[in-house]
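Peer 1: Sequence first, then the predicted structure:
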Amino acid sequence: MYLFLPNINNFSVKKLFYGAFICLCGACVGFINGFMGAGGGILLVPILSKICGLETKTAHATTVLIILPICFISGLFYAINGVLDIEIIIAVGVGAIVGGIFGTFALKKLKSDVIDLLFYVIMIVAGIRMLF
Amino acid sequence: MNIFWLIIIGVFSGIVAGMGMGGGTLLIPMLTIFFNVEQQVAQGANLLVFVPLGIVASIIYIKSGLVNFKYFLLVVIPAVSVALLGALVSTNINQAALRFIFAIFVLGLGVLQLVLWVVKKIKKPNT
């Protein structure tokens, strides 16, 4: 009867809990990204690198692949519900493609602790500014 | 003029995203603070703006063999299904409340990362 359970020897409760935990993390990231329209990537990269032990580059690449369908489907949901401004999407989108290429190929080498720090400070200022 | 500045903030958030730091967490505040865009509209815009960028980046990453498909499958299925729930809640919530929650989220993430940055600096001052 074990014929139908070929992996019975590899099975362990620990593995099962680990898998379930990662799925749960994914669900949380998905909810936050759908709810706030951003931030999923910032949360997912440390999950994949620190908890799952992926290399930073692999964690980044895998994150982009996971965030893409999340953004597409929840973005569509926003659009169907009438929360849509085509002018903003096109103008910002054109800029973002130019900036994205520039950032990826020209500026990545400039990434340093100082730029990280600057980014965090901007986030804090933006958060405070939005509260009032 | 408005379009010009929209393109500029697009370029800015694209650069941040390209450097791997999260362009959306900056794009949404810029849209709501400088353009008085409604919170939900800014969020929807950020989600859809990421799609073309994400497709290009994904193709490059898959070709260079950097993607871990085991973890991709493990995370993407629960993430996508629950993302719809998040979008459902957010499109039905009061915009001031959503803006407040988003502000707390961005502020919290910023403070957390700043603290981690400082801790890292103290532990390894020369890296």
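Peer 2: Thanks, I have the structure now. Source: prediction; values computed, not measured. Numbering: from 1, shown residues only, chains lettered A, B, ... in the order given.
Peer 1: drop to CA atoms for contacts and neighbour counts, all remaining ones
Peer 2: Noted.
Peer 1: hmm, the one helix or strand A:Tyr78 maps to touching chain B?
Peer 2: A:Tyr78 belongs to helix A:56-80 when assigned by DSSP states H and E. Yes: in terms of Cα under 8 Å from any Cα of the partner chain, part of helix A:56-80 sits within range of chain B, namely A:57-66, A:68-79.
Peer 1: Can you give the domain ranges for chain A?
Peer 2: Listed by automatic domain parsing, the domain ranges of chain A are A:11-84, A:91-132.
Peer 1: Could you dump those domains into CSV and include mean pLDDT, mean neighbour count and distance to B:Gly10?
Peer 2: Shown next, in CSV, are the domains of chain A (pLDDT from 0 to 100; neighbours: other Cα atoms under 10 Å in any protein chain shown; distance: least, Cα to Cα, whole Å):
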stretch, mean pLDDT, mean neighbour count, distance to B:Gly10
domain A:11-84, 92, 21, 15
domain A:91-132, 88, 18, 4
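Peer 1: For B:Ala103, find the nearest of these.
Peer 2: domain A:91-132 (4.4 Å; Cα to Cα).
Peer 1: Endpoint to endpoint, the closest one covers what distance?
Peer 2: The first and last residues of domain A:91-132 sit 27 Å apart, counting by Cα to Cα, to the nearest Å.
Peer 1: which residue is nearest the middle of the chain?
Peer 2: In the absence of a named chain, chain A is used. A:Gly41 (2.0 Å; Cα atoms, centre = their mean).
Peer 1: Let me rephrase: I mean chain B.
Peer 2: Geometric middle of chain B (Cα atoms, centre = their mean) lands on B:Gly24, at 3.0 Å.
Peer 1: Setting aside sequence neighbours, what's the nearest residue to it?
Peer 2: Among residues not flanking B:Gly24 along the chain, A:Ala38 sits closest, at 5.2 Å (Cα to Cα, 6 or more residues apart in numbering or on different chains).
Peer 1: isn't that neighbour right up against B:Gln43?
Peer 2: Yes: counting by Cα atoms under 8 Å, A:Ala38 does reach B:Gln43; the two are 7.0 Å apart.
Peer 1: can you map out the helices along chain A?
Peer 2: For chain A, applying DSSP state H gives helices covering A:13-36, A:40-46, A:56-80, A:86-102, A:113-131.
Peer 1: how much does the longest one deviate in direction from helix A:13-36?
Peer 2: Here helix A:56-80 runs at an angle of 50 degrees relative to helix A:13-36 (axes from the mean of the first three to the mean of the last three Cα atoms, to 10 degrees).
Peer 1: Need the contact partners of helix A:56-80.
Peer 2: Residues outside helix A:56-80 that contact it (Cα atoms under 8 Å, 6 or more residues apart in numbering or on different chains): A:30, A:33-34, A:37, A:40-41, A:44-46, A:48-49, A:84, B:20, B:40, B:44-45, B:47-48, B:50-51, B:54-55, B:57-58, B:61, B:66-69, B:71-72, B:75-76, B:79-80, B:83-84, B:87-88, B:91.
Peer 1: do the same with the shortest one
Peer 2: Contacts made with helix A:40-46 from outside it, assessed by Cα under 8 Å, 6+ apart, are listed as A:26, A:29-30, A:32-33, A:56, A:59-60, A:63-64, A:67, B:21-22.
Peer 1: Among these, give me the pair with the biggest separation.
Peer 2: For those, the maximum inter-member distance is 22.0 Å, found between A:Ile32 and A:Thr56 (Cα to Cα).
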